[in-house]
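*Asks:* Attaching a predicted model along with its sequence, questions to come.
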Amino acid sequence: MSSTPRWSPGDQVTWTYYTPQHPTQTVRPGTVVLDDDRGVVVWIAPGTEVLLPVLETGAALRRAGDEGMFTAPRVQSKQLWTGNGILMIGLPDLPYSVWLFYKDDGSLGCYYINLETPYERTEEGLRTRDLVLDLVVLPRRDWHYKDEDELEGAERTGYFSAEEIDGIREAGRRAEEHIARWTYPFSAGYEYFFPDPKWSIPQLPEHYSWDLDLTTRR
């Protein structure tokens, strides 16, 4: 059990993804919606400054291909989070989180199950490792896997061991069972979520640095 106190609605935290192979991180500042025994719910507002690993040219890692994205040199970039914002829901001791993406009119576009290691609570926020493979779940409950080609590339390059790949596949099966049950957070009404208009956009903590500032890139 973490000794970190629970956060209150409106608190600002970071949601961080690390990888053992690279010093770069993905860091998203967000606002706490809820923190209880079911997990931590964080709103990532559009226009938030985030840190993302990119290729040395500033291009997205995916531009290097299914293998190169894991082996090519990468640098830390600062960017603006675009779109309509996302609701990220961390689930205690489960190898995935559930995200909600919203359309321009505020209605739910889809759920996104991001396979990742169970999160660690820190004084600053949540910390976990991304496991590449994801599931996209539509509101009518049909779903499909996303990024299977990237997972295969990660296996070929040794980014994940064979044992880790087996664990990731098992995490996917657990997520499939969760969809079938349609329990929290799918059943919690988050498709109707709307952020408090009084919330300010969180800032990156001052201790972070980056190699490329892409916030002005068009």
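*Replies:* Thanks, I have it.
*Asks:* Can you spell out which helices and strands pack onto the lengthiest strand in the chain?
*Replies:* Determined from DSSP state E, the single longest strand within the chain is strand 22-36. Contacting strand 22-36 under the criterion 3 or more C-beta pairs under 8 Å, 6 or more residues apart in numbering; DSSP states H and E are the following elements: strand 12-19, strand 39-44, strand 49-55, strand 74-80, strand 86-90. Yep, even glycine has a C-beta here, placed from its N, CA and C like the rest.
*Asks:* now for the longest one, which elements pack on it?
*Replies:* Put plainly, it is strand 12-19. Using 3+ C-beta pairs under 8 Å, 6+ apart, the elements in contact with strand 12-19 are strand 22-36, strand 39-44, strand 125-137.
*Asks:* ranking the ones you listed by burial, who's on top?
*Replies:* Neighbour counts (mean count of other C-beta atoms under 10 Å) averaged over each of the helices and strands packed on strand 12-19 peak at strand 39-44, with a mean of 23.
*Asks:* Show me the residue at the heart of the protein, geometrically.
*Replies:* The centre of the chain sits closest to residue 114, judged by C-alpha atoms, centre = their mean, with a distance of 6.4 Å.
*Asks:* Could you list the low-pLDDT ranges of the chain?
*Replies:* The model of the chain has pLDDT under 70 over residues 1-3, 218.
*Asks:* Export whichever helix in the chain runs longest to CSV, keeping only CA atoms.
*Replies:* Taking DSSP state H as the criterion, the chain has its longest helix at helix 162-181. What follows is helix 162-181, C-alpha atoms only, in CSV (Å, rounded to 0.1, in the frame of the first residue of the first chain):
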residue,chain,number,x,y,z
ALA,A,162,9.4,-13.4,-24.7
GLU,A,163,8.2,-13.7,-21.1
GLU,A,164,7.1,-10.0,-21.2
ILE,A,165,5.3,-10.5,-24.4
ASP,A,166,3.4,-13.4,-22.8
GLY,A,167,2.5,-11.1,-19.9
ILE,A,168,1.3,-8.4,-22.3
ARG,A,169,-1.0,-10.9,-24.1
GLU,A,170,-2.4,-12.0,-20.8
ALA,A,171,-3.0,-8.4,-19.8
GLY,A,172,-5.0,-8.1,-23.1
ARG,A,173,-7.1,-11.1,-22.2
ARG,A,174,-7.8,-9.6,-18.8
ALA,A,175,-8.9,-6.4,-20.5
GLU,A,176,-11.2,-8.4,-22.9
GLU,A,177,-12.9,-10.0,-19.8
HIS,A,178,-13.3,-6.6,-18.3
ILE,A,179,-15.1,-5.4,-21.4
ALA,A,180,-17.4,-8.4,-21.3
ARG,A,181,-18.3,-7.7,-17.7
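*Asks:* now the next helix or strand after that helix, how far from the centre of its chain.
*Replies:* Helices and strands here follow DSSP states H and E; after helix 162-181, the next one along the chain is strand 212-213. Centroid separation for strand 212-213 versus its chain: 21 Å, with C-alpha atoms, centre = their mean, to the nearest Å.
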